[in-house]
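**Q** Whatever this is, show me its structure:
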Amino acid sequence: QIRNREIFEAEMASRKVTEMLKRMMPMSVIQRLQAGQSMIADAHPDVTVLFADIAGFWNSQIAARSTTEVVTLMNHMYSVFEKLLVKYQVFRVEHTGDSYMVVSGHDGTLDHLH
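**A** Coordinates of the predicted model:
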């Protein structure tokens, strides 16, 4: 029973690591890392990269709102963005504050110009 518990705990830890990695990199890269590949540097002839920033987001209107209102607004905004990422098979590279960076075509997807 101790061995079964150790195996179960190791599998759960592995799943947690994979879930954390999925927030940082595409699944294709994670699979290659898990398979033992240590150097991953792929070239792609066509990739779409989008940098987005909401101009004037931190204007006086937002600054006058409560912290709870701002966090609620940003959570809603991020939820909408995340749904669009799934719909269009786009990978979120980074988001901070009101800025977003996404990429598509890096995984070989030919239809990445949405």
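
**Q** quick one: contacts for the residue positioned nearest the centre of the chain?
**A** What sits nearest the mean C-alpha location of the chain, by C-alpha atoms, centre = their mean, is residue 92, with 3.8 Å. For residue 92, the contact set (C-beta atoms under 8 Å, 6 or more residues apart in numbering) comprises 81-82, 85, 100-102. C-beta here means a position set from N, CA and C on the backbone, and glycine is covered the same way.

**Q** For residue 23, see how far away it is.
**A** 8 Å (C-beta to C-beta, to the nearest Å).

**Q** repeat for residue 30
**A** 11 Å.

**Q** Please apply the same query to residue 74.
**A** Residue 74 is 17 Å from residue 23, by C-beta to C-beta.

**Q** Please list the outside residues in contact with the lowest-mean-pLDDT helix or strand in the chain.
**A** The weakest-scoring helix or strand in the chain, judged by mean pLDDT, DSSP states H and E, is helix 60-63 (a mean of 76). Here helix 60-63 makes contact (C-beta under 8 Å, 6+ apart) with 70, 73.

**Q** In the sheet, which residues pair with the residue nearest to the centre of the chain? Tell me.
**A** Applying DSSP bridges to residue 92 yields these beta-bridge partners: residue 102.
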